[in-house]
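Chemist: Whatever this is, show me its structure:
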Amino acid sequence: MIQQTQVIMSAPALHFILFAVFASLFFSARCSNQSRKDVALLILGDSLNDAGTNTYLNTTAGYRADIPPYGETFFLLELDITHHFHHPTGRFFDGRLIVDFIAEYAKLPLIPPYLKIKDDEFMGGANFASGGAVALVEDLKMQLKQLEQLEKKLRKEMGSEKSISMDDYVGMAIGNITSVLQGIYKVGGRKFAMIGIGPIGCVPGMRALTRNGACLGEATTLAKLHNIALTSVLTKLETQLHGFEYSYFDFYTSGSERIQYPSKYGFKDAEIACCGLGPYRANLSCGGQRGAKEYSLCHRPKKYVFFDAYHPTGRANRQFAQLMWNGSLSIIRPRNLKALFKN
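Modeler: Sure thing, here's the model as predicted:
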C-alpha cells in the first residue's frame, strides 16, 4: 500500500481523499495544473470499492463478481450498432459503486481496476480495491472466527481465561486505520474522507442468522462502537496533525433510514436481497457459481436496498454518494466532499 503511494508521489501538488469502511481507501492526487485532466483518483479497499480487481486475481468464486446478473443495470457492452447487452464488470453490485458516482461528480471518468490498465492507458486514476481486503476481516462470520482464534492465542500468552471484549476488538481495527491515516499523512496526505460502518446487523446476510429475521444485535453493537471510536480518532488527528482535514460520512444513519423507511426513498424492500437464495435471499449464490447453482433474481433491482446478501443496489449507492458529495452537515461532517474537493 505504501509502495503504491510512493510511486504516485512524483505528482507535484498531491492531495488525498480517503474513504474507509474498516480499510476501504480512496485517494485523490492532483497535479499543479488544476484542470480535471490532471486529477487522478486512486482507490483502495474491499468489495464496496472493488471495480473488478478480483477478476484478475487467483481468487475463489466467493470473492468474485464477474458473472451475471452483477452489472445488469448499468454496464453495457456493444458488439455492433444493433447488438448490445448488459454485462458484469467484477463489481459486487447490479450497477455502479459509490466511488463511481463520486468520480462522476468530480467530472472524472469511470476509474478502472489497476490490473486492467496498460502502460499507455492511464487516465483519471486507478482502482486497487479488492473484495476481501479490509482492516481486519470482510464479514462478521470471519470476524467471529478470527476473534475465536485471537482469544485462544491471548489465553495461551496470558495464561488466563480472560476473553477479549468487543471494545478491544474494535480498538484493534481502529488502531490499524489510524496507522494507515498517519502513514498517508507522512507521505503527503492532508485530506481524508471516511465512511463509517453502516447498519451491518440489518443486511440480509445477518438477518438470516437470527430466529425471527430481526437485525443481528452483536453486529449492530460492533458498528456503533466502531463509528464512535473512528470519529474520536479523526477529531484527535485534526488537532495533532497540521493541515489534516477530513469528512466523515454517517453511513449508519443514512443506511438505517432506508432500511426503516424504504418507501420514503423510493424502495419497495429493505429486508430481502434482490439476488440470492433462501430466506431473505441471504445465501450468496447470486450468479450460480458460488457452490449453489440455483438463485432467485428480482425483476427491478432499483426497488431494493440490497442487491445481494451484503451489498446495496446501484440506486442505493447513488443516494449515498449524493449525500457524501453535497449533503448537509448532519450526515457528512464537518464538511461534505464537494467542499473537500474545492481546496
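Chemist: Which pLDDT value goes with residue 229?
Modeler: The model reports residue 229 with a pLDDT of 94.
Chemist: just residue 26 next, same as before
Modeler: Listed pLDDT for residue 26 reads 54.
Chemist: Return the distance of residue 268 relative to residue 301.
Modeler: For residue 268, the distance to residue 301 equals 11 Å [CB to CB, to the nearest Å]. (C-beta placed from N, C-alpha, C; glycine too.)
Chemist: Looking only at neighbour counts, state which of the two leads.
Modeler: Using other CB atoms under 10 Å as the criterion, residue 268 and residue 301 rank with residue 301 on top: 22 against 13.
Chemist: Just to check, that one is in contact with residue 70?
Modeler: No. The pair residue 301 / residue 70 is not scored as a contact, 10.5 Å apart, by CB atoms under 8 Å.
Chemist: Overlap of the contact sets of those two?
Modeler: Common contacts of residue 301 and residue 70 (CB atoms under 8 Å, 6 or more residues apart in numbering): 94, 307.
Chemist: which residues of the stretch 201-343 of the chain score low on pLDDT?
Modeler: For the stretch 201-343 of the chain, the stretches flagged by pLDDT under 70 are 343.
Chemist: In contact with residue 238, which residues?
Modeler: With CB under 8 Å, 6+ apart, residue 238 has these contacts: 244-246.
Chemist: Could you rerun that using 6 Å?
Modeler: By CB atoms under 6 Å, 6 or more residues apart in numbering, the residues touching residue 238 are residue 244.
Chemist: Pretty sure it sits in a helix.
Modeler: Yes. When DSSP: H, G, I helix; E, B strand; the rest coil is applied, residue 238 is found to be in a helix.
Chemist: Roughly how far does it sit from residue 130?
Modeler: For residue 238, the distance to residue 130 - CB to CB - is 29 Å.
Chemist: Residue 305 now?
Modeler: Distance, residue 305 to residue 130, by CB to CB: 24 Å.
Chemist: give me the low-pLDDT residue ranges for the stretch 51-200 of the chain?
Modeler: Where the stretch 51-200 of the chain drops to pLDDT under 70, the residues are 76-86, 119-122, 133-164.
Chemist: if you set the cut-off to 50 instead, what comes out?
Modeler: The stretch 51-200 of the chain contains residues with pLDDT under 50 at 80-81, 83, 134-144, 146-147, 150, 154, 161.
Chemist: Could I get the full set of strands for this structure?
Modeler: 25-30, 39-44, 76-78, 84-86, 125-127, 191-195, 245-249, 275-276, 296-297, 332-333 (DSSP state E).
Chemist: Now do the fifth one: distance to the chain's middle.
Modeler: Just to be clear, that refers to strand 125-127. Here the centre of strand 125-127 is set off from its chain's centre by 15 Å, with CA atoms, centre = their mean, to the nearest Å.
Chemist: and what of the last one?
Modeler: A distance of 17 Å separates the C-alpha centroid of strand 332-333 from that of its chain, computed with CA atoms, centre = their mean.
Chemist: Which secondary structure elements does it sit against?
Modeler: Strand 332-333 sits against strand 245-249, with contacts defined as 3 or more CB pairs under 6 Å, 6 or more residues apart in numbering; DSSP states H and E.
Chemist: Strand partners (parallel or antiparallel) of the strand it packs on?
Modeler: Within its sheet, strand 245-249 is paired with strand 191-195 (parallel), strand 332-333 (antiparallel), according to DSSP bridges.
Chemist: Pick the most buried one from those strands.
Modeler: Among the strands paired with strand 245-249, ranked by average contacts under mean count of other CB atoms under 10 Å, first place goes to strand 191-195 (a mean of 24).
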